[in-house]
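Undergrad: Give me a model of this one.
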Amino acid sequence: MKAERIFADTNLFLRYLTNDIPEQAEAVEVLLRRAAKGELALVTNSLVVAEIAWTLESYYTLPRPEVQRYLLAILNTPGLEIADRDVLWQAAFWYVEKNVDFIDAFNAAWMFYQGISVVCTFDHKHFARFEGITACTPGEDNP
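TA: Below is the predicted model of the structure:
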C-alpha cells in the first residue's frame, strides 16, 4: 500500500530547525522519522523553502551561511518530496555565493534550468551577479 501524502507547511520546519517550541520540534521529529521509514510521504514546495529562508534570515536574524545549512538539511531530508529540488539546491548555493536574496537566487536557478538567459526587471543589482544572465529594463531595453 502506498504511503499517504501529507503536505508539510513552513512552520513545521521552522519549529524543528529552531527548536524554539521544544514540544512542537519533538512532534515534527517524530513525523520526519515516520516519513523516513516510509510510513507516510511528506511533500512540500519551493514556496515553503523560500519562506523558511526568508523567516530564518529576517525574523531569526541568522546569517546566510547558517540559513543555507538549514536549507540543505531540508533538501536532504529522507522521505520528504520537494518540488523543484534541483532548482532549490542551486538557489541555496547561489544565495550565499552570490550574496543575493534567496528569491533572486531561486529565480536565477529556475531560469538556468529553463534555458532562459534574459530577465526583465527594474532591479538589476542582484541579477548582474549571475554569469549568463542579462537584465533588461522595460521601456529602456529591448529584450
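
Undergrad: Go ahead and flag the most central residue of this protein.
TA: Val49 (3.4 Å; CA atoms, centre = their mean).

Undergrad: helices and strands around the host helix or strand of it, which ones?
TA: If you go by DSSP states H and E, Val49 is part of helix 46-58. Using 3 or more CB pairs under 8 Å, 6 or more residues apart in numbering; DSSP states H and E, the elements in contact with helix 46-58 are helix 10-18, helix 64-75, helix 85-97, helix 102-114. Any C-beta I mention is one placed from the backbone N, CA and C, and that applies to glycine too.

Undergrad: List the residues that contact the residue nearest to the centre of the chain.
TA: Residues near Val49 by CB atoms under 8 Å, 6 or more residues apart in numbering: 71, 74-75, 82, 88.

Undergrad: Export those as CSV, with columns for neighbour count.
TA: Shown next, in CSV, are the contacts of Val49 (neighbours: other CB atoms under 10 Å):
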residue, neighbour count
Leu71, 25
Ile74, 21
Leu75, 16
Ile82, 20
Leu88, 25
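
Undergrad: Done for today, thanks.
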